[in-house]
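Visitor: Fold the following, please.
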Amino acid sequence: MTTCALAAGITTSGQSAPILMRWAVLSEADLVRRAQGGDLAAFEELFRQFQGRIYALCLRMVADPGRAEDLTQESFVRAWQKLGSFRSRSAFGTWLHRLSVNVVLGELRSRKRWEPQTAPMEGSEHAIASRPQRDSLAAVDLEQAITELPPQARTVFVLHDVEGYKHREIAAMIGLAEGTCKAHLHRARNLLRKALAR
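Guide: All right, here's what the predicted structure looks like:
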């Protein structure tokens, strides 16, 4: 079975379900050790446990469900390929999370979305602030507001305010100056305040 098949949903096959039930009682550390030894069923269980969290991360960063699915799959393919380098200095989830962030940032860079921006994008604040008035009984969807942020502002906001990275870490990951990251975060928060105030 290929790693692409693994990431594409091998947990749905009839034969793997009983195996997964057996692995579900093992600790995360045991599953990782077995997967590092080449045990695909153990990695399937890790995939099952972490898939939702990694998809949510990818979706917040790219604001596109289809791309988020592809990036989730790519993250698990990469995790399977690099599993031998995991040394248990941190939790497996932390390692997988960092790897997934790098997968998404790599994809964003390949789409040339990281050109330096020294001036605010014209019209972006207006686009969010001038959305049609929603029904007064309907709550503003924060996730939707995040997807409407400009790409760099959205990525910095997600990494800092949602995922808890520090500015120096974000700057190193996305190749921007720390001050620029802070400016993007400030801008993102302002745009979200405007969106949530409507």
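
Visitor: Only C-alpha atoms from now on, for both contacts and neighbour counts.
Guide: Noted.

Visitor: So for stretch 107-114, mean pLDDT?
Guide: For stretch 107-114, the per-residue pLDDT values average out at 70.

Visitor: any idea how far residue 167 is from residue 180?
Guide: As for residue 180, its distance to residue 167 is 10 Å (criterion: CA to CA, to the nearest Å).

Visitor: low pLDDT regions in this structure?
Guide: 1-24, 112-141 (pLDDT under 70).

Visitor: Residue ranges of each domain in it, please.
Guide: Using automatic domain parsing, the domains assigned to the chain come out as 3-110, 124-197.

Visitor: how much distance is there from the longest one to the middle of the chain?
Guide: Put plainly, it is domain 3-110. Centroid separation between domain 3-110 and its chain, computed with CA atoms, centre = their mean, to the nearest Å, is 12 Å.

Visitor: Helices of the chain, start to end?
Guide: Per DSSP state H, the chain has helices spanning 3-7, 16-23, 28-36, 40-62, 65-82, 92-110, 124-129, 142-147, 151-157, 167-174, 178-197. These are given in chain order.

Visitor: For the ones you listed, give me a markdown table that also has mean neighbour count.
Guide: As requested, the helices of the chain are arranged in a markdown table below (neighbours: other CA atoms under 10 Å):
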| stretch | mean neighbour count |
| --- | --- |
| helix 3-7 | 17 |
| helix 16-23 | 14 |
| helix 28-36 | 18 |
| helix 40-62 | 20 |
| helix 65-82 | 19 |
| helix 92-110 | 17 |
| helix 124-129 | 16 |
| helix 142-147 | 16 |
| helix 151-157 | 24 |
| helix 167-174 | 16 |
| helix 178-197 | 18 |
